[in-house]
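A.B. asks: my questions concern the predicted model and sequence given below.
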Amino acid sequence: MEERPDDRPDLPPHLRPEAREDGRGLWPVRIEDATLSAGGRRLLDGLSFALPAGGVTALMGPNGAGKSLALRMLAGLIRPDSGAVRWGAGETPIKGAVALVFQRPVLLRRSTAGNIDHALAIAGVPRRERAARRAGLLALAGLERLADRPARALSGGEAQRLALARALAARPRLLLLDEPTASLDPAAVAAIEDLARRIVAGGATVLLVTHDAGQARRLADRALFMHAGRIVEDAPAARLLAAPRSPQAQAYLAGRLLV
Ligand SMILES: Nc1ncnc2c1ncn2[C@@H]1O[C@H](COP(=O)(O)OP(=O)(O)OP(=O)(O)O)[C@@H](O)[C@H]1O
């Protein structure tokens with residue numbers, strides 16, 4: 001049985017998103033009419049959407065639609081060829097305010113706790129605060145008993161919980177999740193979803209890339225459907241999933257191949 005993260009409904013205050021007052025807010029985070037090409041191919045083609053603070057937005061669409069590229073832009077890792085990415089009034093993300101979790105977590109060759117310590121150090125958490133923060137993150141992710149285990153010996157679900165705990169080290173306000181449960185069994189998926197709910201209840205905003213319509217239905221308030229480098233539908237998640245209006249989302253959700 002997968003160990004479930006502890007089920008207190010809320011995050012302890014020292015793990016909640018940190019409001020960094022640097023004179024410019026973060027919201028809305030948005031991509032405006034972005035294009036991106038590589039190798040003579042147009043990968044993003046007029047991509048625009050905005051994220052206000054709060055809740056879970058699901059970003060769905062077929063393989064190659066450009067979902068991961070959109071997340072990398074929102075994390076500030078890549079820039080569009082034309083168009084813009086903005087974080088509030090800023091043209092770069094505020095340090096620590098945005099975190100990205102990949103489908104396959106890249107863990108350091110250290111213990112579970114060592115991975116969290118490393119993330120806390122990178123996030124600039126003062127040494128005297130690290131032990132309490134580490135303990136809080138291990139408890140949140142249900143990894144206390146695995147604190148000393150080499151991270152590379154964790155199961156897929158445990159590793160992904162560690163990746164989430166690590167992403168929370170800087171107390172981000174926007175968490176970008178790229179297919180975080182794609183290769184996990186149902187118990188591990190449930191544990192990650194519980195964790196995501198608690199993170200959102202603690203005040204963070206989540207953008208979740210998923211191919212799993214059930215997961216989008218369970219977690220998201222809003223859904224964006226992406227195809228060929230742009231958004232073709234943006235609607236309340238329950239509506240988009242039950243009665244998609246764009247032909248692309250209709251085909252995808254009906255299980256037809258979209259090329
Ligand atoms: N660095 C790159 N150079 C060239 N092409 C790239 C690069 N990165 C991504 N692509 C291409 O851009 C397109 C969009 O990729 P992206 O990973 O964003 O898709 P996705 O919607 O996340 O798909 P999936 O559901 O398969 O993860 C794909 O066709 C991909 O091959």
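C.D. replies: That came through fine.

A.B. asks: going forward, measure contacts between C-alpha atoms and count neighbours the same way
C.D. replies: Noted.

A.B. asks: read off the pLDDT value for the residue lying closest to residue 68 once chain neighbours are set aside.
C.D. replies: Of all residues beyond its chain neighbours, the one nearest residue 68 is residue 178 (6.7 Å), with distances taken as C-alpha to C-alpha, 6 or more residues apart in numbering. Residue 178 carries a pLDDT score of 97 in this model.

A.B. asks: got it, and residue 245?
C.D. replies: pLDDT, residue 245: 98.

A.B. asks: okay, now it: neighbour count?
C.D. replies: Residues lying near residue 245 (other C-alpha atoms under 10 Å) number 15.

A.B. asks: ok, now the one 3 residues further on?
C.D. replies: Counted with other C-alpha under 10 Å, residues neighbouring residue 248 total 22.

A.B. asks: look up how far residue 178 lies from it.
C.D. replies: With distances defined as C-alpha to C-alpha, to the nearest Å, the gap from residue 248 to residue 178 amounts to 21 Å.

A.B. asks: residue 258 too?
C.D. replies: Counting by C-alpha to C-alpha, the gap from residue 258 to residue 178 is 20 Å.

A.B. asks: these two: which has the busier surroundings?
C.D. replies: Taking other C-alpha under 10 Å, residue 258 and residue 178 do not tie; residue 178 has more neighbours (21 against 14).

A.B. asks: any idea how far that one is from the ligand?
C.D. replies: Noted for residue 178: a distance of 8 Å to the ligand, by C-alpha to the nearest ligand atom, to the nearest Å.

A.B. asks: need phi/psi at the residue nearest to residue 16 when sequence neighbours are not counted.
C.D. replies: Residue nearest to residue 16 in three dimensions, not counting chain neighbours: residue 202, with 5.4 Å by C-alpha to C-alpha, 6+ apart. Its backbone dihedrals place residue 202 at phi -80, psi 0, with angles given as degrees, to the nearest 10.

A.B. asks: what sits against residue 202?
C.D. replies: By C-alpha atoms under 8 Å, 6 or more residues apart in numbering, the contact list for residue 202 reads 10-12, 16-17.

A.B. asks: where is pLDDT lowest across these?
C.D. replies: Of all those, the one the model is least sure of by pLDDT is residue 10, with 66.

A.B. asks: for the ligand, what are the nearby residues on the stretch 1-150 of the chain?
C.D. replies: For the stretch 1-150 of the chain, the residues in contact with the ligand (C-alpha under 6 Å from any ligand atom) are 38, 43, 62-69.

A.B. asks: returning to that earlier point: quick check, nearest of the contacts of residue 202 to the ligand?
C.D. replies: Of all the contacts of residue 202, the ligand sits closest to residue 17, with 26.2 Å by C-alpha to the nearest ligand atom.
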